[in-house]
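Peer 1: no sequence for this one, just the structure:
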């Protein structure tokens, strides 16, 4: 028998029991219980319920809240198995995160930090001391370059779907993919007042392609047109190989050094995110690698100048904070 809505309960108080039951399409006993409840409590609303009873006792709840945080990487099944108790020896593993959530603890992915030696700390400190006093004009003369890979499917392996328990293999909850779906690698460079062309790289970027397809047609002509600018790229293998370093040295290209295992502070990373959102927001999304490459090229050509000008601001403010972190090796640094 369905429950009687709240607005019909009030109407059932001033009529005959049979007439009320016929009018609101419910059983006569239901109307009688409503009238009896109104005489006893003066209201027709449901009485407050205690809710579902807990599987664990207060002592077990306290044990879970105090023992589990001692080992942050401990599995919930382990805590549920070792929790003492004779009334309910088999505690579900889902009860453990529920009790921890009441204290503000949630399961998350840990932040991965680099393993830094004293040499790495010294190189970071030396670099920060050398560049922390750079002015806005100094940072405007740096060409920040970088490459990034973008997959044809969303999320790059992090796609989520909402489904019921028995909908695992239904058509609406399955995703068609042919050997990963394909991807495109792009390269570009930006500074405060300039930018290079957006280059779509075929395949992986090795040292030969980095020199022949990036430096020869794009980087070297750009820096020759702006001789006062400095090139900056990260410490990827294709960037720091002797084959590439000798080539840049022969072309008299000034390269901004970057300490090993240091955070990626290049402002071009924000531009990659902007262009990726623009490609994903297209009315007709790319269906193959060729369309994805074309969409990226069009987005790079039509990108607004004000966006990459804002992100190419000086890094002095960030360095002032990082100087405090790299000054002492005992400081917890997650970069």
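Peer 2: Yes, it's here. Quick caveat: nothing in here was measured; it's all calculated off a predicted structure.

Peer 1: contacts and neighbour counts: CA atoms only from here.
Peer 2: Noted.

Peer 1: which residues in this protein form strands?
Peer 2: 142-151, 183-190, 199-201, 230-232 (DSSP state E).

Peer 1: closest to residue 253 out of those?
Peer 2: strand 230-232 (7.2 Å; Cα to Cα).

Peer 1: Name the residues of that closest one that are buried.
Peer 2: 230, 231, 232 (16 or more other Cα atoms under 10 Å).

Peer 1: helices or strands up against that strand?
Peer 2: The criterion is 3 or more Cα pairs under 8 Å, 6 or more residues apart in numbering; DSSP states H and E, and the helices and strands that strand 230-232 contacts are strand 142-151.

Peer 1: which other helices and strands contact the strand it packs on?
Peer 2: Secondary-structure packing of strand 142-151 (3+ Cα pairs under 8 Å, 6+ apart): strand 183-190, strand 230-232, helix 268-280.

Peer 1: weakest of those in terms of mean pLDDT?
Peer 2: If those are sorted by mean pLDDT, helix 268-280 sits at the bottom with a mean of 80.

Peer 1: That one versus strand 142-151: what angle between them?
Peer 2: Interaxial angle, helix 268-280 versus strand 142-151 (axes from the mean of the first three to the mean of the last three Cα atoms, to 10 degrees): 40 degrees.

Peer 1: I'd like the numbering to begin with 27 instead of 1 from here.
Peer 2: Let's use 27 as the start, then, which means that last one is helix 294-306.

Peer 1: Which elements pack onto helix 294-306?
Peer 2: Against helix 294-306 (3+ Cα pairs under 8 Å, 6+ apart) you get strand 168-177, helix 315-327, helix 331-337.

Peer 1: what about stretch 242-253, average pLDDT?
Peer 2: Rounded mean pLDDT across stretch 242-253 is 92.

Peer 1: From start to finish, how long is that stretch in a straight line?
Peer 2: Using Cα to Cα, to the nearest Å, the end-to-end distance of stretch 242-253 comes to 16 Å.

Peer 1: Please apply the same query to stretch 216-229.
Peer 2: 23 Å.

Peer 1: For it, what is the distance to the chain centroid?
Peer 2: 25 Å (Cα atoms, centre = their mean, to the nearest Å).

Peer 1: And stretch 191-210, by the same measure?
Peer 2: The answer for stretch 191-210 is 21 Å, by Cα atoms, centre = their mean.

Peer 1: Can you list the buried residues in that stretch?
Peer 2: Quick answer for stretch 191-210 (16+ other Cα under 10 Å): 209, 210.

Peer 1: swap in stretch 277-285?
Peer 2: By neighbour count with 16+ other Cα under 10 Å, stretch 277-285 contains the buried residues 279, 280, 281, 284, 285.

Peer 1: what about it, average pLDDT?
Peer 2: 91.

Peer 1: what's next to that stretch, contact-wise?
Peer 2: Residues outside stretch 277-285 that contact it (Cα atoms under 8 Å, 6 or more residues apart in numbering) are 146, 149-150, 153, 168, 246, 249, 255-261, 274.

Peer 1: now with 7 Å?
Peer 2: Stretch 277-285 is touched from outside by 149, 150, 256, 257, 258, 260, with contacts defined as Cα atoms under 7 Å, 6 or more residues apart in numbering.

Peer 1: ok, now stretch 163-179?
Peer 2: Applying Cα under 7 Å, 6+ apart, the set of residues contacting stretch 163-179 is 207-218, 254-259, 292, 294, 314-315, 318, 340.

Peer 1: could you redo the last one with a cut-off of 6 Å?
Peer 2: Applying Cα atoms under 6 Å, 6 or more residues apart in numbering, the contact partners of stretch 163-179 are 207-218, 255-259, 340.
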